[in-house]
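>>> Mind looking at a prediction? Sequence and model below.
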Amino acid sequence: MTDFLLELRCEEIPARMHKGARADLEKLFHAQMDAAGVSLGEITVWSTPRRLALIARGLPQQTEAVSEEAKGPPEGAPDQAIDGFCRKNGVTRDQLELRDVKGRPTWFAVINKPGKAVRDVLADAIPAIIRSFPWPKSMRWGAASLSTESLRWVRPLSGIVAILGDQLVECEVDGVTSGYATMGHRFHHSGPITIGGADDYAEKLRACHVVVDHAEREAIIRSGAAKAAADAGLGLVEDEGLVVENAGLTEWPVPLLGRFEEDFLEVPPETIQLTARVNQKYFVCEQDGKLANAFICTANIDAADGGAAIVDGNRKVLAARLSDARFFWDVDRKKTLVEHAKGLERITFHEKLGTVADKVERVAKLAEWLASEGIVPNCDPALARQAAELCKADLVSEMVGEFPELQGLMGGYYARAEGLPDAVADAIRDHYKPVGQGDDVPTEPVTVTVSLADKLDTLVGFFQIDEKPTGSKDPFALRRASLGILRLILENGLRTSVRDLVNAAEQSGRPNVGEDVASFFLERLKVQQRDAGIRHDMIDAVASVETGGDNVRMVKRVAALQAFMATEDGTNLLAGYKRAANILKKEDWHGIEGEIAHTGEEDPLALVDNPDMKAVIAAKMAERRSSSLSYTPEPAEQALIEALDHAEPGAEAAIKAEDFAAAMAALASLRAPIDAFFDDVTVNDEDREKRASRLNLLDRFRNAVQRVADFSRIEG
Amino acid sequence: MTGNLMTRDPTNSFQDMILALHDFWSANGCLILQPYDMRMGAGTFHPATTLRALGPEPWNAAFVQPCRRPTDGRYGENPNRLQHYYQYQVILKPSPANLQELYLQSLGVIGIDPLKHDIRFVEDDWESPTLGAWGLGWEVWCDGMEVTQFTYFQQMGGYDCKPVAGELTYGLERLAMYIQGVDNVYDLNFDGRGVSYGDVFLENEKQMSTWNFEVADTEALFDLFRKAVAECQNCLTAKLPLPAYEQAIEASHIFNLLQARGVISVQERASYMGQVRDLARGSCQVYMAKNADRWAQAFPEWSA
């Protein structure tokens, strides 16, 4: 058993690619070794900006010899066929053996593959790995790039170290040959270092100012930054993304703390943090919960002066960036948001949907409507309109031009700076929320209104111009918009119908998309509720009876249904329901109601919310109940009748009161009677009247259940 | 007046810094060219970069190129931003294997000690839709400040670069501010004898900012743009890529001026950029076509 070291050295690999490159190197190495039959022990992969390294432990010196058999043509086959078989398997004709296959003599070739030296296997594998390495972006370089066939790598490849045990694995790729020599730190160590093998690799590099293990560099940065902050009496604002990025930019990381002028703290802290992080890759610090005038940069050298010059240089760069931010902050505040908003006329939202100014006007109208209709309760329509009119104004500000991530946030700051009401400033700041699944949902009425109006306009507008999401493509993030709308509705308990919202958001002169949007919403609801553990069939069961588009009501009802179905009463009632539905289907029974027949397959009570139909149904029910039976019902039959007499109005009242748990409880009261009915009563009685009455009774039972939820849609 | 020709102080003189770079790159095999005599937004527009990056012939050149970015003008009031500044361009084709080392040595000759200052190669891929060009490389940081763009050209004018050229673009004012320890560009010591950058350029920044943003006759500019487009096409028809490319440079700069005057709407912007791109690409196409046979003969491995 022996160990193998591979180092691929090149010019600086982008920090963001390190993680993927390590995984790819390990994967490709594994695949090559598996294909060659080399057993592998532990594999370690490291990266620095200038090298990818892999150490594989416990490799054999030799692969096992294998003997394979190949079945050829039968005896007497044409010569061409037999010669072809020989060629394919690299044997001569006299090496073939005849064997019996199901009574037929057939030629066989026995191919003995001797064990191969693992060093030879590696010598072939390394160029193959390099040539097939899947960098997200790769390039050509140097004289060889006269042809586009020349080697591609993330940046020019400069060296290969490949040592098995203490033996060099000799290989060559496009003029780069393997050797024992590597390079140390770019500035701390000049000239090559000779590596002995896997065991001394990391330590020899460390002696030349290279920490090859990325995880160790990350740890150095994490603890070094925290210590630098603590030494200055500050707290580090932790940022794991920055830790990893800085580890990807350094071979010898040295976190250094510097200060910037306190005056800069007058600009919004988010802008300071953003420019420090995004442009400069600095950590920031805090004191007493507030941003402090300090930054931590991660140098790549142990500077002779302890880093004083480096900190000073970085301070100047940050100061220039912060001057820019302060300049933007000052310039932007010279204009009111109303003045900024005029600039939106120059920005196209979408070629078919007009400018951003056009969109803002639609959103303002919609927001005002949402407020004045009371769809968002306790919202002043004038404030909603004002906030909506200004919500996109910061898109043309200098600050957001420089830092697009600050959209909304800066508008909020500018609104406050010019003395607009807090409700308006908050709404401008937060109207993009919720952005992702984990993001907070606004609760302030004006914010809720503007956020809802903005997303509705986007969703409905794009549906109207037929730009719907398809498959994995959702270029206008409409799924996110609709999920945002759903969460705004549900988490704020907004009582409204999706159809009404879509109607209000539709632009005149364009197609009606109410149906499309409603079914898109239902799909989104299923996805969203799935994460909350709600089953999609429960949603379907409720959606077919809750057709008003009130999502708050719907979700309450679904939750009650799912809770009920988790009980023994629920599962038994479902069984009873299915049995009743099957009998009715088998008997092709359409019930006494004739004109309002239900089959159980379609949406049986789709019209139950229609006031006109409600009266008809109630009349039928009353008529049916009053019609006395001409025979004496059996006790279980009588018990079911009485249970229904009680449960039907109970369930109906509960649904009306949105006490869906009570509606489920009313259904639960039917479980024992229906079970007893099936145990004790013969439906298909010879007496035609008894049969008809009992089928009617089952029909009534099924309808009663259906009124609460469409049980035919429930799985299981 | 006599001076000692051998005494240079790149750490205290803007012009000595440039001369030191000239010495260095000349010693490393580059032609030292002079600036192109046209207004352009970046040194990459210089034909010695753009057109010479095409084709198989070796090409090593270094030059200073004045750059004009009208929208960056700040009337001389911003210590870091200028509408006219200098880039130092080095183009090496094919890219030598030791290009990074050469570059780091060049920082040494202008006084940057890499054991005192933190030099880093940070990913920054370069793309110029206007030139139909892209490359991979880095922005080079010195103590967190971007001082150089370092690019391996992969395509130019829509053509694969065969072979690849390495391009270095030093931001001269930034580097000088850094080396001289100056916070305001106008305080740079221009000649090491007390003439400041401000003495040379402050008034120019003020007047040009005013002209760029407020005075320039937009109708005349629109007219110039149209004329440059027409003249470029005229040259392309006549199979004259060099004059055609000059008109592409001209159109590009006029477009930048129109942008500074704020008279090009967002919608129109893409269309103007598309026109400039077509001119630049057309020039590259004709340049390739004109030379392809000769190149193919001299470099049998090469093909367009």
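Nice, I can see it. All values derive from a computational prediction rather than experimental measurement.
>>> For residue B:288, give me its contacts.
B:54, B:55, B:157, B:159, B:304 (C-beta atoms under 8 Å, 6 or more residues apart in numbering or on different chains). All C-beta atoms are positioned from the backbone trio N, CA, C, and that covers glycine.
>>> unless I'm mixing things up, the third one is touching residue B:284, no?
Read it as residue B:157. Yes: with contact defined as C-beta atoms under 8 Å, residue B:157 counts as touching residue B:284 (2.5 Å).
>>> which one of the contacts of residue B:288 sits closest to residue A:466?
Each of the contacts of residue B:288 was scored against residue A:466 by C-beta to C-beta, and residue B:157 proved nearest at 37.6 Å.
>>> For that closest one, give its distance to residue B:286.
Separation of residue B:157 from residue B:286 (C-beta to C-beta, to the nearest Å): 10 Å.
>>> Ok, residue B:85 next?
31 Å.
>>> likewise residue B:217?
Taking C-beta to C-beta, one finds residue B:217 at 32 Å from residue B:286.
>>> quick one, which of these two is more surrounded?
Legend: neighbour count by other C-beta atoms under 10 Å in any protein chain shown for residue B:217 and residue B:286, higher for residue B:286 (21 against 11).
>>> any weak-confidence spans in chain B?
B:1-6, B:266-267 (pLDDT under 70).
>>> re earlier: could you pull out the residues contacting both of residue B:157 and residue B:284?
Joint contacts of residue B:157 and residue B:284 (C-beta under 8 Å, 6+ apart) are B:50, B:54, B:132.
>>> List buried residues within these.
B:50, B:54, B:132 (16 or more other C-beta atoms under 10 Å in any protein chain shown).
>>> thought the first one was touching residue B:284?
Going back to what we said before, that points to residue B:50. Yes: Residue B:50 lies in contact with residue B:284 (C-beta under 8 Å); the separation is 7.5 Å.
>>> shared neighbours of the two, which are they?
With C-beta under 8 Å, 6+ apart as the test, residue B:50 and residue B:284 both reach B:156, B:157, B:245.
>>> need the next SSE after the helix or strand where residue B:206 lies, C-terminal direction.
Residue B:206 belongs to helix B:197-210 when elements are defined using DSSP states H and E. Tracing the chain C-terminally past helix B:197-210 and defining elements by DSSP H and E, one meets helix B:218-237 next.
>>> got the buried residues for that following helix?
B:221, B:224, B:225, B:228, B:229, B:231, B:232, B:235, B:236.
>>> Alpha carbons of the helix or strand following it, in PDB - could you do that?
Going down the chain from helix B:218-237, the next helix or strand is helix B:241-260, by DSSP H and E. Provided in PDB are the C-alpha atoms of helix B:241-260 (Å, rounded to 0.1, in the frame of the first residue of the first chain):
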ATOM      1  CA  PRO B 241     -10.000  48.200 -42.400                       C
ATOM      2  CA  LEU B 242      -7.700  50.700 -40.700                       C
ATOM      3  CA  PRO B 243      -9.600  53.900 -41.700                       C
ATOM      4  CA  ALA B 244     -12.800  52.000 -41.100                       C
ATOM      5  CA  TYR B 245     -11.700  51.200 -37.600                       C
ATOM      6  CA  GLU B 246     -10.800  54.800 -36.900                       C
ATOM      7  CA  GLN B 247     -14.400  55.800 -37.700                       C
ATOM      8  CA  ALA B 248     -15.600  53.100 -35.300                       C
ATOM      9  CA  ILE B 249     -13.500  54.700 -32.600                       C
ATOM     10  CA  GLU B 250     -14.900  58.000 -33.500                       C
ATOM     11  CA  ALA B 251     -18.500  56.800 -33.400                       C
ATOM     12  CA  SER B 252     -17.900  55.200 -30.100                       C
ATOM     13  CA  HIS B 253     -16.600  58.400 -28.600                       C
ATOM     14  CA  ILE B 254     -19.400  60.500 -30.000                       C
ATOM     15  CA  PHE B 255     -21.800  58.100 -28.500                       C
ATOM     16  CA  ASN B 256     -20.100  58.600 -25.100                       C
ATOM     17  CA  LEU B 257     -20.500  62.300 -25.500                       C
ATOM     18  CA  LEU B 258     -24.200  62.000 -26.300                       C
ATOM     19  CA  GLN B 259     -24.600  59.800 -23.200                       C
ATOM     20  CA  ALA B 260     -23.000  62.500 -21.100                       C
END
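>>> Next, the angle helix B:241-260 makes with the helix or strand following helix B:241-260.
Downstream of helix B:241-260, the next assigned helix or strand under DSSP H and E is helix B:266-298. Interaxial angle of helix B:266-298 relative to helix B:241-260 (axes from the mean of the first three to the mean of the last three C-alpha atoms, to 10 degrees): 160 degrees.
>>> Provide the angle between the direction of helix B:266-298 and the direction of helix B:218-237.
Relative orientation of helix B:266-298 and helix B:218-237, computed by the same axes, to 10 degrees: 30 degrees.
>>> Flag every buried residue along helix B:266-298.
Neighbour count says helix B:266-298 has B:272-273, B:275-288, B:291, B:295 buried, by 16+ other C-beta under 10 Å.
>>> Return the nearest residue of the stretch 201-350 of chain A with respect to chain B.
residue A:313 (2.7 Å; C-beta to the nearest C-beta).
>>> OK, contacts around the spatially most central residue of chain A?
Centre of chain A computed as the mean C-alpha position; nearest residue by C-alpha atoms, centre = their mean is residue A:437, 8.5 Å away. By C-beta under 8 Å, 6+ apart, the residues touching residue A:437 are A:483, A:531.
>>> Just say helix, strand or coil for it.
coil (DSSP: H, G, I helix; E, B strand; the rest coil).
>>> Chain neighbours aside, what residue packs nearest to the residue of chain B found nearest chain A?
Across chain B, the shortest distance to chain A (C-beta to the nearest C-beta) belongs to residue B:143, at 2.7 Å. Setting aside the residues directly before and after it, residue B:143 is nearest to residue A:313 in space (C-beta to C-beta, 6 or more residues apart in numbering or on different chains), at 2.7 Å.
>>> okay but that neighbour is in contact with residue B:116, surely?
No: if you go by C-beta under 8 Å, residue A:313 and residue B:116 don't touch, sitting 9.8 Å apart.
>>> outside of stretch A:521-531, which residues touch it?
If you take C-beta under 8 Å, 6+ apart as the criterion, stretch A:521-531 is touched by A:437, A:479, A:482-483, A:485-487, A:498, A:536, A:539, A:543, A:551, A:554-555, A:558.
>>> What about residue 215, how many residues nearby?
With no chain named, the answer covers chain A. Residue A:215 - counted by other C-beta under 10 Å - has 11 other residues nearby.
>>> switch to chain B, that's the one I care about
Neighbour number of residue B:215 under other C-beta under 10 Å is 11.
>>> quick one: contacts for residue A:73?
A:81, A:82, A:85, A:106, A:107.
>>> hmm, try it at 6 Å
With contact set as C-beta atoms under 6 Å, 6 or more residues apart in numbering or on different chains, residue A:73 has these partners: A:81, A:82, A:107.
>>> Spatially nearest residue to it (excluding sequence neighbours)?
That would be residue A:81: by C-beta to C-beta, 6+ apart, it lies 4.5 Å from residue A:73.
>>> how much space is there between the one you found and chain B?
Distance, residue A:81 to chain B, using C-beta to the nearest C-beta, to the nearest Å: 43 Å.
>>> give me the element that residue is part of.
helix A:79-89.
>>> mean confidence for the host helix or strand of residue A:357?
Residue A:357 is located in helix A:356-372, with elements delineated by DSSP H and E. Regarding helix A:356-372, the rounded mean pLDDT is 96.
>>> who touches residue 136 in this structure?
All of this refers to chain A. So residue A:136 contacts nothing (C-beta under 6 Å, 6+ apart).
>>> meant chain B, my bad for not saying
Here residue B:136 is in contact with A:139, B:125, B:152 (criterion: C-beta under 6 Å, 6+ apart).
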